[in-house]
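Colleague: A predicted structure for the sequence below; I have some questions about it.
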2 protein chains.
Amino acid sequence: MRFFKTVGAIAVCPIVAAASVNSSAPLTYGIVLFRMFDVLDVFGPVEVLQFLSHAYQTEIVFIAETMEPVTTRPSMAAMNPLNNSVWSTLPPTHTFETAPELDVLIIPGGPGWRNPAWNATLNYIGQTAPKVKQVLTICTGAGLAAKSGIMAGRKATTNKSSWPAVVQAGPNTTWVPKARWVEDYSSSPPVWSSSGVTAGLDMMLHWVEKVYNKQNATNIAKYMEHIRITDPSNDPFARNESMTDVAKFMEQSGN
Amino acid sequence: MRFFKTVGAIAVCPIVAAASVNSSAPLTYGIVLFRMFDVLDVFGPVEVLQFLSHAYQTEIVFIAETMEPVTTRPSMAAMNPLNNSVWSTLPPTHTFETAPELDVLIIPGGPGWRNPAWNATLNYIGQTAPKVKQVLTICTGAGLAAKSGIMAGRKATTNKSSWPAVVQAGPNTTWVPKARWVEDYSSSPPVWSSSGVTAGLDMMLHWVEKVYNKQNATNIAKYMEHIRITDPSNDPFARNESMTDVAKFMEQSGN
């Protein structure tokens, strides 16, 4: 395992480097890609890290089973009944075999998390997570992480609309029904998990605040014109544990 | 010009089709790509439209000068002083020459909007905008639109941190310093413009509410766990017109 690299960060106004030029910061962030990933689960963190890279040496690698561009297109026709073309493809930079050592492993969600055929993806997550400094899951990425086995004994959250399925995938995980995000430092590596999609932005900005500094988080939010939730217990989409199906949840929420 | 296609939309719970199966809705959304585009300016709208496509026939095309994957990597080394690798590439589906007729033209922003060499991009925007039903700009995409000439006589907004440069690019545009987004229906086609990055999500969800229906907007926001701003005049990042440089703006905002 390679630890965070010490870099001589330079200040690029108004994204600021830490006070000392000997700041320690993560260098390599790896994002796992799989068919039917959620685009914002991936590009929310990418956007934040791109801003951060103005002041800190940063690498993002996109890791998938093969070097084929990864598509968001459903693999089953039933999931695309109108035969739409609204899909994106993202070329990976590495395969699971060629991926570099990572400081931070990022696991996005998306409909594909349910696919039972992602053995190589689950193996990669299971084998890589213990070797990194931090694991971050976004939305239903927590479900994929659970299926890989790395969430056992952990405290986590996920997208409240996908709650029943994700909870079922992680029977040995303490799922927090009211959390914008959860930080679990109970064992190494720490695992941060966010609620649905844009909750990932709030988690990433809090991550920047904690791992880098508050000023950067504030400045990046301002550039993105993102109105942050800074308290992880502030969850407007909190799950009511007494409800067991999503349709009922949506109905009772006024929809 | 092809008008919105009438489709027999099906209801996929909880994203709902309009009450009538004869609903009229836009079919083809085209997103312009250029080097150094902002990833969230592109994928914010894509995420919203993907959810919407559960109930409405929808196409997204990614349009660029060539079929080469478009990168967010700066074209000038000075813009990447730490020689970082945090860049994404997105393969276009069409070139400016092969793009289909569009119902909606989406113009993202990003540092690349300032590039003086985007003549083909500006020509495409200038020639295409008059033929579509609606134009949507995200963040500094309004600056690119202004450079193409389509914003003359229009009312618009943009990222408040990039305000001076964008305003300069659109001397005949009425720039609104306090707006999460602006809807200009003064001439055809209507032009919607959002403030920075995540303001694009609020604009897109309001677009869904207006062009499709409120229930879809509410449901999509819930899935994304996005806390909406629904009043376009609610702008926490509003520009103070008396300030003329970004550094001062950032400083006086408490950063």
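Modeller: Perfect, I can see it now. Numbering: from 1, shown residues only, chains lettered A, B, ... in the order given.

Colleague: ranges for the helices of the stretch 1-150 of chain A?
Modeller: With helices called from DSSP state H, counting those that start in this stretch, the stretch 1-150 of chain A shows them at A:39-52, A:119-128, A:141-148.

Colleague: How about A:T66: what's its closest non-neighbour residue?
Modeller: The spatially closest residue to A:T66, leaving aside those adjacent along the chain, is A:T95, at 5.9 Å (Cβ to Cβ, 6 or more residues apart in numbering or on different chains). The way it works is simple: take the backbone N, C-alpha and C, and place the C-beta from them, glycine included.

Colleague: next one: A:L144
Modeller: Per Cβ to Cβ, 6+ apart, closest to A:L144 is A:W113, 4.4 Å.

Colleague: Surely the one you found is in contact with A:G143?
Modeller: Yes - at 4.7 Å, A:W113 and A:G143 qualify as touching, with contact defined as Cβ atoms under 8 Å.

Colleague: Is A:L90 bridged to anything, and to what?
Modeller: Counting by DSSP bridges, A:L90 is bridged to A:V70.

Colleague: which regions of chain A sit below the pLDDT cut-off?
Modeller: For chain A, applying pLDDT under 70 flags the ranges A:1-23, A:241-255.

Colleague: Identify the residue of the stretch 51-200 of chain A closest to chain B, quick one.
Modeller: A:G196 (3.4 Å; Cβ to the nearest Cβ).

Colleague: Comparing A:W113 and A:G143, which shows the higher neighbour count?
Modeller: Shown here are A:W113 and A:G143; by other Cβ atoms under 10 Å in any protein chain shown, A:W113 has more neighbours (31 against 27).

Colleague: contacting residues around that one?
Modeller: A:W113 is in contact with A:F34, A:T140, A:G141, A:G143, A:L144, A:K147, counting by Cβ atoms under 8 Å, 6 or more residues apart in numbering or on different chains.

Colleague: can you redo these as CSV with distance to A:I63?
Modeller: Output for those, formatted as CSV (distance: Cβ to Cβ, whole Å):
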residue, distance to A:I63
A:F34, 10
A:T140, 18
A:G141, 13
A:G143, 18
A:L144, 13
A:K147, 17
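
Colleague: Name the nearest of the residues you listed relative to A:D184.
Modeller: A:G141 (14.3 Å; Cβ to Cβ).

Colleague: mind listing what the closest one touches?
Modeller: When contacts are counted by Cβ under 8 Å, 6+ apart, A:G141 touches A:D41, A:I106, A:I107, A:P108, A:G109, A:W113, A:T158, A:S193.

Colleague: Narrow the residues you listed to those in strands?
Modeller: A:I106, A:I107, A:S193 (DSSP state E).

Colleague: so the last one makes contact with A:D184?
Modeller: So the one you mean is A:S193. Yes - with contact defined as Cβ under 8 Å, A:S193 and A:D184 form a contacting pair (7.5 Å).

Colleague: So for those two, which sits in the more crowded spot?
Modeller: A:S193 (32 against 20).

Colleague: Name the residues of the stretch 101-250 of chain A found near chain B, please.
Modeller: Applying Cβ under 8 Å from any Cβ of the partner chain, we find that the stretch 101-250 of chain A lies next to chain B at A:159-161, A:195-199, A:201, A:215, A:218-219, A:222-227, A:229, A:236-237, A:246-247, A:250.

Colleague: Wait, A:S162 touches A:T140, no?
Modeller: Yes - using Cβ under 8 Å as the test, A:S162 is close enough to A:T140 to be in contact (5.0 Å).

Colleague: what about these two, which has more around it?
Modeller: A:T140 (30 against 21).

Colleague: A:M203 in helix, strand or coil?
Modeller: Three-state call for A:M203 (DSSP: H, G, I helix; E, B strand; the rest coil): helix.
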